[in-house]
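# Below is the sequence, then the predicted model.
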Amino acid sequence: MHIAVAGNIGAGKTTLTGKLAKHYGWQPHFEDVDDNPYLNDFYHDMHRWSFNLQVYFLNSRFRQVLDIRKSGKTVIQDRTIYEDAEIFAPNLHDMNLMSSRDFDNYKSLFELMSLMVQPPDLLIYLKASVPTLVNQIQNRGRDYENTIRIDYLKQLNERYNNWIDNYNHGKLLIIDVDNVDFVNNKEQLSQVVDKIDAEIHGLF
């Protein structure tokens, strides 16, 4: 079974992925952030490095999805391949931070890859307001994230909400991060687990 956690920068995807992997004994697949050779450069010069970054993420997540299906195990994945193509790349293009030539090339690559992957059995979307995202980004203190602009997060949030409103690839569970503290509140984490249990039982 393939479970995926989606959400904007700072929504808590990695934290929830780790907690659910530990609780259920699932195998976690985390986003390749620390070893990403483009991320730091991207936040300092988005226009120059946007295409390189998005292709790196696309390749990394495509490989992840193939490995997940091949493994035969229940895997929980931190961010999906769809978020790159539906949210991050088009947002960079609209902000004139990725050229139309690069964006068309990227879309063509994604469309080819999407023919070869299956969507997750359950998508967990962490919905969060911009103030919550900013607070959580500041709390984790990654140097390269200090330059993330508020308008960039806001635009991503709008795209996320639109994507989720039209999501039809499979089962979907929305967690309101503004009102659910699964990091510090064990009772609220248990409530999240209960909701996931209800969704998973419906998969069989």
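Yep, it's here. Numbers count the residues shown, from 1 in each chain.
# contacts and neighbour counts: CA atoms only from here.
Noted.
# The closest residue to residue 128 other than its chain neighbours: what's it in contact with?
Leaving aside its chain neighbours, residue 128 sits nearest to residue 177 (5.2 Å; criterion: Cα to Cα, 6 or more residues apart in numbering). Going by Cα atoms under 8 Å, 6 or more residues apart in numbering, residue 177 touches 11, 126-128, 132.
# which residues of this protein fall in strands?
With DSSP state E, the ranges of strands along the chain come out as 2-7, 27-29, 75-78, 122-127, 171-176.
# Using neighbour counts, pick out the buried residues of the biggest helix by length in the chain.
Longest helix in the chain, counting residues (DSSP state H): helix 46-71. For helix 46-71, burial by neighbour count (16 or more other Cα atoms under 10 Å) applies to 46-47, 49-58, 61-62, 64-65, 68-69.
# Could you report the distance from the residue nearest to residue 128 to residue 83?
Noted for residue 177: a distance of 18 Å to residue 83, by Cα to Cα, to the nearest Å.
# Okay, residue 25 and residue 18: tell me how far apart.
10 Å.
# Just want to know which of these two has more residues nearby.
Between residue 25 and residue 18, counted using other Cα atoms under 10 Å, residue 18 has the larger neighbour count: 18 against 12.
# burial of the nearest residue to the more buried one once chain neighbours are set aside, as a residue count?
In this structure, residue 18 finds its nearest non-sequential neighbour in residue 28, 6.8 Å apart by Cα to Cα, 6+ apart. Look at residue 28: counted by other Cα under 10 Å, it has 21 neighbours.
# Report the beta-bridge partners for residue 28.
residue 76 (DSSP bridges).
# thinking again about what came up before, from the middle of its chain, how far away would the longest helix of the chain be?
Here helix 46-71 shows a centroid-to-chain-centroid distance of 12 Å under the convention Cα atoms, centre = their mean, to the nearest Å.
# same for that helix, what does it pack against?
Here helix 46-71 touches helix 39-44, helix 81-83, helix 100-114, going by 3 or more Cα pairs under 8 Å, 6 or more residues apart in numbering; DSSP states H and E.
# pLDDT averaged over the last one - what is it?
In other words, helix 100-114. In this model, helix 100-114 carries a mean pLDDT of 96.
# If I look at the residue nearest to residue 18, what pLDDT would I see?
On pLDDT, residue 28 comes in at 94.
# Might you report the residue contacts of the residue nearest the centre of the chain?
Central residue of the chain (Cα atoms, centre = their mean): residue 79, 2.8 Å from the mean position. Contact partners of residue 79, counting by Cα under 8 Å, 6+ apart, are 4-7, 13, 30-31.
# Could you rerun that using 6 Å?
Contact analysis of residue 79 by Cα atoms under 6 Å, 6 or more residues apart in numbering lists 5-6.
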